[in-house]
Structures are given as structure tokens and as C-alpha cells.
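Q: Fold the following, please.
(one chain, ligands or ions: 2)
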Amino acid sequence: MTVAAKLSLGCIADDYTGASDLANTLTRAGLRTVQTIGVPAADLVLPEVDAVVVSLKSRSIEAGLAVTRSRAAEQWLRGRGAEHILFKICSTFDSTDAGNIGPVMDALRADSGDTIVLVTPAFPETGRTVYQGNLFVGAVPLNESPLKDHPLNPMHDSNLVRVLARQSKTKVGLVDLATLGRGVDAVRAKLADLAAKGIGAAVVDAVFDRDLEIIGQVALDHRVSVGASGIGLGLARALVAAGKVKPDAVNAMQDMAVGGPPACLAGSCSQATLQQIASAEKVMPVLHLDPERVVAGKDEAQRALAWAKDRIGDGPILIASSATPDEVAALQSRHGRDAAGHAIEQAMADIADGLVQSGVRRLVVAGGETSGAVVDRLRIPGFLVGAEIAAGVPVLRAVGISSGDMLLALKSGNFGGPEFFSDALALMR
Ligand SMILES: Nc1ncnc2c1ncn2[C@@H]1O[C@H](COP(=O)(O)OP(=O)(O)O)[C@@H](O)[C@H]1O
Ligand SMILES: O=C(O)[C@@H](O)C(=O)COP(=O)(O)O
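A: Ligands and ions are numbered 1, 2, ... in the order given. Below is the predicted model of the structure:
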């Protein structure tokens, strides 16, 4: 079977956890959605779907490469008929002054011919709101949140108009909450006004889902938008309201049990993940990797696998590299930020590979870059979306792998409640 109808929505996600978060949101809003890993082959055969989320691992790579890969995804999605493309970024705007949100947005805007792009990382369900262009994580501005200590992209400025302007070639404006409160026509008029002044991107405030519904409606006038799952929700609801997708269409994921031993891996150093690991210690064996030994070579991954093999027959296990901000900073000062991060990601991929070879078929991974490294190593080409474990984190069923059925959960470091690992495994049968 090939894709019968053209896509109602094409999405390019800059990491794999973010892609599954978006795929989850679109699915819950009634869009039949598939998540692909990387840009699919031109002749990829898919079930009939409304949306495809192409997952890239482009958040923390060199900006030029992120642009090239995003453009390849854009071409594929346009080739499948997508009139609107959402570039899915992190709800905490994870990026640096070198990119990659600005450069990718600039390229997609140029290709689309749009004069102005709507940008909002708001995702109220997970506490991400934008007011006067400032991003809040729960009750605190971004620069006071745990994101100030992110190992790869510490966020020190909550004003997204400024943050995006430093990364983009275009001028950046603001559509504030008061304008949104006046409805779609007011937002359209404000965008026209900004565009007439030569402003090519507008950060849009959003605090409630109703704000996202207005943003989604207006965004559909354009060919490209930029944001997190919240704008995905707005776009999906606008597509349903416009009759462009049937909300009662059945999603493709079947609820068949997979069985086999379960395992969890954590490479995120977020506060939420550190708490989740502490809770997991009460209910499953947890191995804390020695990050210094990980950077030194392959032995630490082998030690972890030997530890795991002795235990996976008895119930779930968790292997974590996660550390506190002080420990992360100390490791980075000895080895460099990228080298330390890369070595740990590759060790996690080695461990995941070994676990699957030992029969693990249910795998929970915490951390976006970590999930990217693991999924790439397992050579999984795509996922169908299943039950929601926590806001932004669905159960995923791998498709297109030769080794039989496999269930995964790819958790953004910041997402999930304290018992996330147990919650996930309870839904992954
Ligand atoms: N102990 C550690 N010290 C330094 N860096 C680490 C440590 N453990 C993990 N990392 C790295 O930190 C980064 C975490 O990023 P990621 O997996 O995307 O998590 P999140 O979802 O929280 O952003 C990865 O590059 C990972 O390899
Ligand atoms: O939008 C979000 O917050 C997430 O979907 C996301 O992108 C997560 O990124 P990581 O925290 O790096 O997993």
C-alpha cells in the first residue's frame, strides 16, 4: 500500500524525543501519524496517514548540516503533498547563538516563499507558556529554570525575540497575548504589519490551548511554522475544524503485547530525570555508570552489559549516566562538552545494542540526544504511536525492523512524573 492521499501536515523534528512528543499530540488530536527516523526513502511505503513527523538529530549539530538535513526532509514532505510544514523544536527553545532554530527557520522560510513565520514553543500542558515573548517553564522564566544547566545548550535568556534574533538573518517581532485575545483577524493584521516592516519571524505569545487554536488557524495561511507540540495541537485542531482530516480515523498502532525483558536507559541530566532515577531505585536495580570510565573507552559499557545480563531475567533494570550539574561541569572541563556528551551517547547506544541482542524488546530511554544515539544504533526506521505514558511521551511501536516487534518510550529529559520509568513499563506489555 502506498500513501493514498496527500499529507495534511508535514513535520520536521530536530530530535527524536521531540518527534515522538509531537506525534503523540497529533495522534491525540485525531491525526493518523507516523514518525520516521531520518528522511525516508523516496519510495517508502506507508499506511494511509494524515501526518508524517520526520525525526532528525539536528538540534546540536553544526548549523549548515542542520539546514541541509532539514531541507532534505522538507523536500520529501512536500513531495508527499504537505502544504504546511511544522519545524518542531524543543518547548524550552534548546539552541545556541549559532543555531539551529534560526538557520533552519530562515532556510525553510526562503524555500516556502512565506514573508513571515509564526514561532512559538508554548506547550501549556507541560507548563511551557510564552508571555511578552518570554518563555516560562512552569512558574519561572527559562533562564531561571533547570534549563540554565543543560549539558549541551544551557539557556540563559528567556526573551525569545532576542534569542531568535541572535540566530536568524531576519528581524524578529512579537505577536502579544492581547492581540491573540482579539482573535484570528487581529493576529493576521499584526503579522501583515510586521511583514510590511521587513520582519520575517514573529514570536507568538500563548498561555492556554485556546491561544494555540488561534495560532494554528492563522499558521495554516502560511506554508511553514516553527514551534513545539503546542502549535502542533493548534494546527491539528485547525485541520480537523476545516474538515481536512477526519478526527475519528483509526490510528495504525495495534495493541499487541511484545513481551520479553524490559530495560531502561537514562542519559538525560535534567532535574526531572534525576528524580525519576531516584524513584526507580526503590523498585528496580539501577546501575550508575562512571562517566570518567565511559569517556576512557568501551570497558564501562561492557561492564554495564555484564551487570544487565545477570539481572534482565528477573524484571526491569535501569542503567544511567545522569549526573548533577556540578558533576557534568567537572567532566566537561576535563574532556570538553561535545566530546563528553558524544562518548556517553555512544556508550548508551552500545549498551542498548547489547541489551537487544540479549533479548530486550521493551526499552525506555530518557534524554533526547541519548534517544537519538540509541535509535540510530538499533537501525529503527520508524514508529507508530500508542498509549500516552505522560504528557509528551507515548509508547512507540518500531516498524520496519527485522528483529521482530519492539516497544520503546523516548522521554524528553524534562518530561514525566516521578514514577515515570514504572509508569512507562506498565503500559509497555
Ligand atoms: N554524567 C554526564 N556528564 C556529562 N554529560 C553527560 C552525562 N550524562 C549524560 N551526558 C550527556 O548530556 C546530554 C544530555 O542530553 P539529552 O540526552 O538530550 O537529554 P535531555 O533530554 O535532558 O536534553 C547528552 O549528550 C549526554 O550524553
Ligand atoms: O518540546 C519538548 O520539550 C520536547 O518534545 C523535546 O523536544 C524534548 O527534547 P529533549 O529534552 O532533548 O528530549
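Q: Please list all residues in contact with the residue of the stretch 201-350 of the chain found nearest ligand 2.
A: When scored by Cβ to the nearest ligand atom, the stretch 201-350 of the chain has residue 228 as its residue closest to ligand 2, at 3.9 Å. No exception for glycine: its C-beta is placed from N, CA and C like everyone else's. Residues in contact with residue 228 (Cβ atoms under 8 Å, 6 or more residues apart in numbering) are 18, 21-22, 88-91, 120-123, 128.
Q: Looking at those residues, which are in strands?
A: Among those, the residues falling in strands (DSSP state E) are 88, 120, 128.
Q: among the contacts of residue 228, which ones are buried?
A: Buried members of these, counted by 16 or more other Cβ atoms under 10 Å: 18, 21-22, 88-91, 120-123, 128.
Q: of these, closest to ligand 1?
A: Nearest to ligand 1 among the buried ones among the contacts of residue 228 is residue 90, at 7.9 Å by Cβ to the nearest ligand atom.
Q: So which other helices or strands are in contact with the longest helix along the chain?
A: Longest helix in the chain, counting residues (DSSP state H): helix 337-357. Secondary-structure packing of helix 337-357 (3 or more Cβ pairs under 8 Å, 6 or more residues apart in numbering; DSSP states H and E): strand 262-266, helix 291-296, helix 299-309, helix 325-335, strand 362-366, helix 368-377.
Q: Count the neighbours of the spatially closest residue to residue 208 that is not a sequence neighbour for me.
A: Nearest residue to residue 208 in three dimensions, chain neighbours excluded: residue 124, at 5.9 Å (Cβ to Cβ, 6 or more residues apart in numbering). Look at residue 124: counted by other Cβ atoms under 10 Å, it has 20 neighbours.
Q: Would you mind measuring from residue 124 to residue 231?
A: 11 Å (Cβ to Cβ, to the nearest Å).
Q: tell me, what's touching those two both at once?
A: Common neighbours of residue 124 and residue 231, using Cβ under 8 Å, 6+ apart, are residue 212.
Q: Show me the shaky parts of the stretch 151-300 of the chain.
A: For the stretch 151-300 of the chain, the stretches with pLDDT under 70 are 248-255.
Q: Up against ligand 2, what does it have?
A: Contact residues, the stretch 151-300 of the chain versus ligand 2 (Cβ under 6 Å from any ligand atom): 228-229.
Q: how about a cut-off of 5 Å?
A: Contact residues, the stretch 151-300 of the chain versus ligand 2 (Cβ under 5 Å from any ligand atom): residue 228.
Q: Number of residues surrounding the residue of the stretch 301-429 of the chain found nearest ligand 2?
A: Of all residues in the stretch 301-429 of the chain, residue 368 sits closest to ligand 2, with a separation of 2.4 Å (Cβ to the nearest ligand atom). Using other Cβ under 10 Å, residue 368 is surrounded by 31 other residues.
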